[in-house]
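S.K.: here is my input; please provide its structure:
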Amino acid sequence: MNPTIHNPILPGFHPDPSICRAGDDYYIANSTFQWWPGVAISHSRDLAHWELVSYALTRRSQLEMDRIPDSGGIWAPCLSYNPEEKLFYLIYTVVNRHSVRSPIETPNFLVTARDVRGPWSEPVLLNYSGFDPSLFHDDDGRSWLVNMYMDDRPAQKLFFAGVLLQEYSKKRKQLVGPVRNIYLGTELGATEGPHLFRRNGWYYLIVAEGGTGYGHAMTMARSRKIAGPYVPHPGNPIMTARTTQLPIQKAGHGQLVETPQGEWYGVYLCGRPRNGNYCILGRETGIERGTWGRDGWFHFDSPHPRFEVPAPEVAPTTASKTIRQGEKGPAANSYAYGQKERRDDFNRKKLGLEWNTPRIPLGDMGSLTARPGFLRLRGQPHPLETNRGQALVARRIEDRDFTASTLMEYRPGAGPVACAWQCAGLVCFYSHTNYYWLRVARDEKLGIIVELMKRHGETRSIEGRIPAGNWRRFHLRVTARNDRFQFAASRDGMSWKKTGAPQDGNLLSDEASAPFGFSFTGAYVGMAAIDLSGARVAADFDWFDYRRLEGK
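M.R.: The predicted structure follows:
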């Protein structure tokens, strides 16, 4: 029996999905912004069950993000497969500045690979004219780049100034020929995220419009010629949740894919708000099935009378295909979404795919081999408020109700310097302005303590504190239910002491972080250590456990 697809198919921080098919295999690439490694790639055989199988950008020569601001870095990658060459192409933007009130540096790069799991090539620089690049391989063997056109001239009021088209030469590995502005978009505005494909003699352009928030939408246009003119879909937007009260919102920014059986699906960015339109899990990836009308226009399946809306469930797909004996299955280091629980005992020599670090790889800030069976984080002289390489290892929060815990061995030094500058523990992190940190530190009067530090915007506060003077090992835990985060600590993992009152999980959302800068990522939970003294006192983490909570 073919499985019913439940949305979102990629829960937690998985924005800007780009989907492609290679034979019977489906792959989705997602934005990773300032988190390392760059560009998460997930795999499925049936469009219902997905697993993270690789990252494309795993070397500093491919991606340099030191000092990149929060929500900068990788924006909207595009993954494509050319069956004639048997080659995967990936195009991505590295955003170095991200304020619409000043010029944005948007270099667009291209890498290729025979296997989506890598290794991926060294990058080729393409252009700087805007973000959200996408590569289309035409039937005649030519390839074309489209990207949104960013016009930042002071007198130009339209920052989103259309969609640019230019040919890419595989032989010369560069863009060639004229640059054309082929589409200005609809009245929804903020035209971005373009994807181009061909069907039955028509060139179709899918774009995101209306901004990435609650006015988000996916629209379509078509032309007989690749350079246009492009005529908008008479039923635009073809996907949106705007003006509705649906449990899935922010629907837009997506791409279509055809199954071997001739079915068509579209993946799209979405969010699941709760308690005042806060999306604690960030921007996620959903999927919807659709059909082509006799008039040659695509329509998503939807009962809405005016436009297409996202559905929590999608009817069973005939795209299901099991892995037969002898075929290439999941990567040994893959991470399957939807697992109720996941425990890492740090017995491997490399971090699992579910783990990310801000801006740079683990490198000197941490090690899985310095003390086998432990993740060692060496306190860095970079607090969580900076855009330098912090000693922070975290994974996406994928569930509204969850618990995460870890066992840490740590001993901050003595003296006033240690009291002010050395601490380590469990962190729930959105950005440098929005996080909770259950950390072990030293107090001049109380000695070793466990305290809960909250950061919201420019304000930092201690929300709870317990003495732990003779502890040598620290069990640290967060339990989230109904968007309330309760932190607790224990000496033995059995008798727990609450550290502070339940905290507002909305702090870890796009919406709560937006007043302090662009907010495009999602909530993480993990481990962190700082040491502003420069002594780099280490914290050793024996294990980390994450599990989804069921019921009340």
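
S.K.: wasn't residue 364 part of a helix?
M.R.: Yes - per DSSP: H, G, I helix; E, B strand; the rest coil, residue 364 lies within a helix segment.

S.K.: for the closest residue to it other than its chain neighbours, give me its contacts.
M.R.: In space, and not counting its chain neighbours, residue 364 is closest to residue 378: 7.2 Å by C-beta to C-beta, 6 or more residues apart in numbering. Using the backbone N, CA and C atoms, a C-beta is placed for each residue, glycine as well. By C-beta atoms under 8 Å, 6 or more residues apart in numbering, the contact list for residue 378 reads 364, 365, 366, 367, 391, 529, 531, 536, 537, 538.

S.K.: who wins for most neighbours among those?
M.R.: Using other C-beta atoms under 10 Å as the neighbour criterion, residue 529 leads those with 31 neighbours.

S.K.: residue 213 versus the closest residue to it other than its chain neighbours, what's the distance?
M.R.: Spatial nearest neighbour of residue 529, chain neighbours left out: residue 424 (3.6 Å); criterion: C-beta to C-beta, 6+ apart. Computed as C-beta to C-beta, to the nearest Å, the residue 424 to residue 213 distance reads 35 Å.

S.K.: comparing these two, which residue is more hemmed in?
M.R.: residue 424 (30 against 18).

S.K.: what about the more buried one, distance to residue 523?
M.R.: In terms of C-beta to C-beta, residue 424 sits 20 Å off from residue 523.

S.K.: picking that back up, show me what the residue nearest to residue 364 is bridged to.
M.R.: Beta-bridge pairing of residue 378 under DSSP bridges involves residue 538.

S.K.: which secondary element of the chain has the worst mean pLDDT?
M.R.: Counting by mean pLDDT, DSSP states H and E, the chain has its least confident helix or strand at strand 313-314, which shows a mean of 68.

S.K.: before we move on, back to that, thought the residue nearest to residue 529 was touching residue 408?
M.R.: Yes - with contact defined as C-beta atoms under 8 Å, residue 424 reaches residue 408; the gap is 6.6 Å.

S.K.: what do those two both touch?
M.R.: 440, 527, 539.

S.K.: ok, and the most crowded of those?
M.R.: Of the shared contacts of residue 424 and residue 408, with other C-beta under 10 Å as the count, residue 539 tops at 30 neighbours.

S.K.: surely it meets residue 377?
M.R.: Yes - assessed by C-beta under 8 Å, residue 539 is found in contact with residue 377 at 5.0 Å.

S.K.: shared neighbours, the two?
M.R.: 424, 527, 529.

S.K.: wait, which of the residues you listed is closest to residue 169?
M.R.: Nearest to residue 169 among the shared contacts of residue 539 and residue 377: residue 527, at 46.1 Å, using C-beta to C-beta.

S.K.: and the host helix or strand of the closest one, how far out from the chain's middle?
M.R.: Following DSSP states H and E, one finds residue 527 within strand 524-531. Its chain's C-alpha centre and that of strand 524-531 lie 19 Å apart, by C-alpha atoms, centre = their mean, to the nearest Å.

S.K.: turn the contacts of residue 378 into a markdown table, including distance to residue 341 and pLDDT.
M.R.: Listed next are the contacts of residue 378 as a markdown table, based on distance: C-beta to C-beta, whole Å; pLDDT from 0 to 100:
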| residue | distance to residue 341 | pLDDT |
| --- | --- | --- |
| 364 | 31 | 74 |
| 365 | 27 | 91 |
| 366 | 24 | 95 |
| 367 | 26 | 96 |
| 391 | 26 | 95 |
| 529 | 25 | 97 |
| 531 | 32 | 94 |
| 536 | 33 | 92 |
| 537 | 31 | 93 |
| 538 | 28 | 95 |
